[in-house]
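> Below is the structure, and that's it, no one-letter string:
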């Protein structure tokens, strides 16, 4: 290769890469508004004018910086085939923010007597605080990314990510797909064939675009013919959403007053931020394997900056490097695709034209790409985890399954259901398993990883950490709002908590830790060698 060749920052492959990256981001935005509106009754018009513009700003900032980094890397190396790192809205934390932060905060405010707009504003401010906190955490991690990776087993970190991918990212979009299965299943089939199985779509049309066009056409024709119900989104007035200025209220910094209300959500928010840090490290490594050696600290720093700016501008979804760099490089993408994505998402969000896209694009044809994302995250997690640690990855999924079940049962309870005593106890079990489920996934997977490595004392330390987190409500909170507390000021527990409150659960973890320590003394074992390279 000619080391002095000029950088070919745009190529035909950028078009394919642009459609893949931009549709992914667009799907996350549509999903955010749709889920908030349909599941929690959050005002869609408020979401479009307040939440979407700032969220789009984060994508603009991150992709522009990554575009610039591609140019600087090309200049430094003299290579002409550098592919920019892709950045977009983090899909796992989208579900986390919707179902465990913004949605519950809105519902709690309404239950407390606020009107719809005031409650929506309170939830928006809590979302902003959460995203800024995520960005600050990620900025700190940019300097200590290496130690974090060394301290926490990969099975624990990726196991929690797998849990979100399977239980939330893959499953919940299927509910949307099956609202209109003819269009949704066809679009999903195209996504699975073109993106998961890597089969080229005829005429070299990008798979994501083909799924959207074919699925959307089926939906449109079916609605015109009368055999597909009309509309999968909440009704809005797109014209009223043009040129939104309401999001500029973020610069009055009134959202800072929501910090006290945000603290109880940090045990949910911070693990998602940590997951993007780990994912950012992995993405940088995969880019290096593909030939583009970016600085890991700078990559994580960029996602941190973009996340902080997004939150300060009213955004409620954090940004993260996407896992698709090798795929985009294989498509022939360079730097133009991230530049085009920044322009497209920025224009759609800041001009308000996203409201028209939200109204026009059928959810069943749009969300199948999220199923691909979930499957990709899951497969990558197992691929990057030593084979003997697979049970730990599987165990990490269990708390997320409880969270998924709780999402659906909460809808039934909100509709006025009154469970009997037996069912109430089972529902409380869902409550304590799902509360702080991301942290629980990490702790359980860390414990089992240590056991699989025959390190009983290390497993005991994970149990003690779980006991400490339980005493503060970081995990297994017995309260429906997932609030934190001090061990000596837990408060009045629900009746269903008899015999399984924080003290009992923490005691169980402490007892298990003691058992492991005694076990290691009475029956010593030789720790197994490092399994970092074991994949078969």
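Okay, I see it. Just so we're clear, the structure is a prediction, and the values are computed from it rather than from any experiment. Numbers count the residues shown, from 1 in each chain.
> Tell me where the stretch 251-400 of the chain has helices.
259-262, 266-289, 296-312, 325-331, 336-351, 354-360, 363-366, 368-383, 390-414 (DSSP state H, counting those that start in this stretch).
> leaving aside the residues next to it on the chain, what's closest to residue 385?
Residue nearest to residue 385 in three dimensions, not counting chain neighbours: residue 155, with 5.0 Å by Cβ to Cβ, 6 or more residues apart in numbering. The way it works is simple: take the backbone N, C-alpha and C, and place the C-beta from them, glycine included.
> where's the residue nearest to the spatial centre of the chain relative to residue 201, distance?
Nearest to the mean C-alpha position of the chain, counting by Cα atoms, centre = their mean, stands residue 92 at 1.6 Å. For residue 92, the distance to residue 201 equals 27 Å [Cβ to Cβ, to the nearest Å].
> distance of the residue nearest to residue 385 from residue 195?
26 Å.
> In terms of neighbours, single out the busier of those two.
residue 155 (31 against 24; other Cβ atoms under 10 Å).
> Check what pLDDT residue 531 gets.
For residue 531, the model assigns a pLDDT of 66.
> follow-up on the earlier one: may I ask you to confirm that the residue nearest to the centre of the chain is in contact with residue 167?
No - in this structure, residue 92 is not within contact of residue 167 by Cβ atoms under 8 Å, at 10.3 Å.
> who does the lengthiest helix in the chain touch, helix- and strand-wise?
If you go by DSSP state H, the chain has its longest helix at helix 116-151. Here helix 116-151 touches helix 44-46, helix 91-97, helix 103-111, helix 259-262, helix 266-289, helix 296-312, going by 3 or more Cβ pairs under 8 Å, 6 or more residues apart in numbering; DSSP states H and E.
> I'd like those helices laid out as JSON lines, including mean pLDDT and distance to residue 57.
Output for the helices and strands packed on helix 116-151, formatted as JSON lines (pLDDT from 0 to 100; distance: least, Cβ to Cβ, whole Å):
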{"stretch": "helix 44-46", "mean pLDDT": "94", "distance to residue 57": "18"}
{"stretch": "helix 91-97", "mean pLDDT": "87", "distance to residue 57": "16"}
{"stretch": "helix 103-111", "mean pLDDT": "94", "distance to residue 57": "22"}
{"stretch": "helix 259-262", "mean pLDDT": "94", "distance to residue 57": "20"}
{"stretch": "helix 266-289", "mean pLDDT": "81", "distance to residue 57": "18"}
{"stretch": "helix 296-312", "mean pLDDT": "95", "distance to residue 57": "6"}
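> measure residue 280 to residue 203 for me?
35 Å.
> So those two - more neighbours on which side?
A direct count of neighbours by other Cβ under 10 Å for residue 280 and residue 203 places residue 280 higher, at 28 against 6.
> Okay, now the unreliable bits of the chain?
Where the chain drops to pLDDT under 70, the residues are 1-4, 145-150, 230-235, 481, 531-536.
> Now do the domain split for it, please.
Structural domains assigned to the chain are 13-383, 387-522, following automatic domain parsing.
> Redo those as JSON lines? Include distance to residue 530.
Listed next are the domains of the chain as JSON lines, based on distance: least, Cβ to Cβ, whole Å:
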{"stretch": "domain 13-383", "distance to residue 530": "11"}
{"stretch": "domain 387-522", "distance to residue 530": "9"}
